[in-house]
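Q: fold the following, please.
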Amino acid sequence: MAWSDVRRKARRAVADIFEIPGEVALDLPKIVLLGNVQVFIENHRGIVEYTNEVVRVVVPSGEVSVHGQGLILRNIQKDEICVEGEIESLSFV
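A: Presented below is the predicted three-dimensional model:
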């Protein structure tokens with residue numbers, strides 16, 4: 001078992017014991033999708049690509065790619081991004 005796996009399991013156990021949200025303890029993105037028109041991505045590291053058809057966002061575990069039509073960045077904050085438009089797919093890269 002790799003050292004990173006041991007650390008991940010220890011963090012998960014501590015998070016469960018103290019009832020800490022997983023995205024905080026494990027440094028994961030929190031993604032909320034509202035229908036196919038809006039997605040909130042918390043705990044991001046920045047934007048890699050932004051067009052009206054693709055928005056790629058860096059997260060601690062890699063990238064989140066949002067594909068669709070008429071995509072716009074409605075809100076950009078230090079720790080949260082809101083993408084609006086006709087969302088066709090969301091994937092982890």
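Q: which strand in the chain has the most residues?
A: Using DSSP state E, we find that the single longest strand of the chain is strand 62-76.
Q: next secondary structure element downstream of it?
A: strand 80-92 (DSSP states H and E).
Q: where does this protein have its least confident helix or strand?
A: Using mean pLDDT, DSSP states H and E, the weakest-scoring helix or strand in the chain turns out to be helix 22-25, at a mean of 62.
Q: next structured bit after it?
A: Downstream of helix 22-25, the first helix or strand assigned by DSSP H and E is strand 30-34.
Q: which strands border that following strand, and is each parallel or antiparallel?
A: Using DSSP bridges, the strands paired with strand 30-34 are strand 38-42 (antiparallel).
Q: what angle sits between the following helix or strand past the partner strand and strand 80-92?
A: Sequence order places strand 46-50 as the next helix or strand after strand 38-42, per DSSP H and E. Counting by axes from the mean of the first three to the mean of the last three Cα atoms, to 10 degrees, strand 46-50 lies at 70 degrees to strand 80-92.
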